[in-house]
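Asker: Sharing a sequence plus its predicted fold:
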Amino acid sequence: MQDRELSVCQRREKKMLGYIILCWSTVLSALVDQFVLIPWLWGMRGWFPILVLIVPPTTFFLIKDSHLKVK
């Protein structure tokens with residue numbers, strides 16, 4: 001189904017779903033960084049947010065055309 005065929009309410013719900021996907025990709029990548037990668041890489045000096053800098057921008061570019069169109 002194309003965006004032209006969707007009602008205003010359906011487009012709004014699709015856009016909200018895109019925001020939810022984007023927010024959860026940020027939260028989950030931060031949790032994996034904090035509780036999985038940091039203990040695994042404990043010998044390294046300092047903390048560098050590895051996944052938080054990779055996953056959310058990638059997710060944004062994957063869903064921006066299908067879910068986050070401004071119309």
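Answerer: Yep, that arrived. Numbers count the residues shown, from 1 in each chain.

Asker: Three-state assignment for Ile20, please.
Answerer: Following DSSP: H, G, I helix; E, B strand; the rest coil, the label given to Ile20 is helix.

Asker: That one - how many residues pack around it?
Answerer: 11 (other CB atoms under 10 Å). Every residue, glycine included, has its C-beta placed from N, CA and C.

Asker: what does Val52 give?
Answerer: 19.

Asker: Likewise for the one 4 residues further on?
Answerer: Number of residues near Pro56 (other CB under 10 Å) recorded here: 19.

Asker: pretty sure it is touching Ser29, no?
Answerer: Yes - Pro56 is within contact range of Ser29, at 6.4 Å (criterion: CB atoms under 8 Å).

Asker: what's downstream of the helix or strand bottoming out on mean pLDDT in the chain, the next helix or strand?
Answerer: For the chain, the helix or strand with the lowest mean confidence is helix 38-40, at a mean of 69 (criterion: mean pLDDT, DSSP states H and E). As assigned by DSSP states H and E, the chain's next helix or strand after helix 38-40 is helix 55-63.

Asker: contacting residues around that next one?
Answerer: Outside helix 55-63, the residues that touch it by CB atoms under 8 Å, 6 or more residues apart in numbering are 18, 21-22, 25-26, 28-29, 68.

Asker: Mean confidence (pLDDT) on that helix, please.
Answerer: Helix 55-63 shows a mean pLDDT of 90.

Asker: buried residues in it?
Answerer: Applying a neighbour-count criterion of 16 or more other CB atoms under 10 Å, one finds 55-56, 59-60, 63 buried in helix 55-63.
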